[in-house]
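Visitor: Sequence and predicted structure below; questions after.
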Amino acid sequence: MKLDGRLNAMTVDVEDYFQVSAFENVVDKKDWDSISLRVGDNTHRLLDMFSDNNVKATFFYIRMGG
């Protein structure tokens, strides 16, 4: 996307937050599959916003657990 002759770059790291080390003492890895995921709905919301504004981005997605 170009604005005023400048090229902008956008990347998105897709993950559910309970999987990060900040919560390793709160949520056991063995319990990840029992936690409701919000990542799908939130990613679709971002894609809709990007589409509405003609924004292109690179998404990084890593499946963790199970």
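Guide: Structure received. Numbers count the residues shown, from 1 in each chain.
Visitor: just for this structure, where's the confidence low?
Guide: 1-3, 17-20, 63-66 (pLDDT under 70).
Visitor: Helices of the protein, start to end?
Guide: Under the criterion DSSP state H, the chain contains helices at 39-52.
Visitor: start to end distance for stretch 6-13?
Guide: Taking Cα to Cα, to the nearest Å, stretch 6-13 runs 23 Å from one end to the other.
Visitor: How many residues are close by residue 15?
Guide: 13 (other Cβ atoms under 10 Å). In short, each C-beta sits where N, CA and C put it, glycine included.
Visitor: Grab the most central residue of this structure for me.
Guide: residue 14 (2.3 Å; Cα atoms, centre = their mean).
Visitor: what's near enough to touch it?
Guide: Residues near residue 14 by Cβ atoms under 8 Å, 6 or more residues apart in numbering: 39, 43, 59, 60, 61, 62.
Visitor: ok, now residue 37?
Guide: residue 16.
Visitor: Distance of residue 12 relative to residue 39?
Guide: As judged by Cβ to Cβ, to the nearest Å, residue 12 and residue 39 stand 11 Å apart.
Visitor: swap that for residue 50, sorry
Guide: Look at residue 50 and residue 39: by Cβ to Cβ, they are 16 Å apart.
Visitor: The two: which has the busier surroundings?
Guide: residue 50 (16 against 13).
Visitor: Show the contacting residues for the nearest residue to the more buried one once chain neighbours are set aside.
Guide: Closest residue to residue 50 apart from its sequence neighbours, by Cβ to Cβ, 6 or more residues apart in numbering: residue 57 at 6.0 Å. Neighbouring residues of residue 57 by Cβ under 8 Å, 6+ apart: 10, 11, 12, 50.
Visitor: Kind regards, and thank you for your time.
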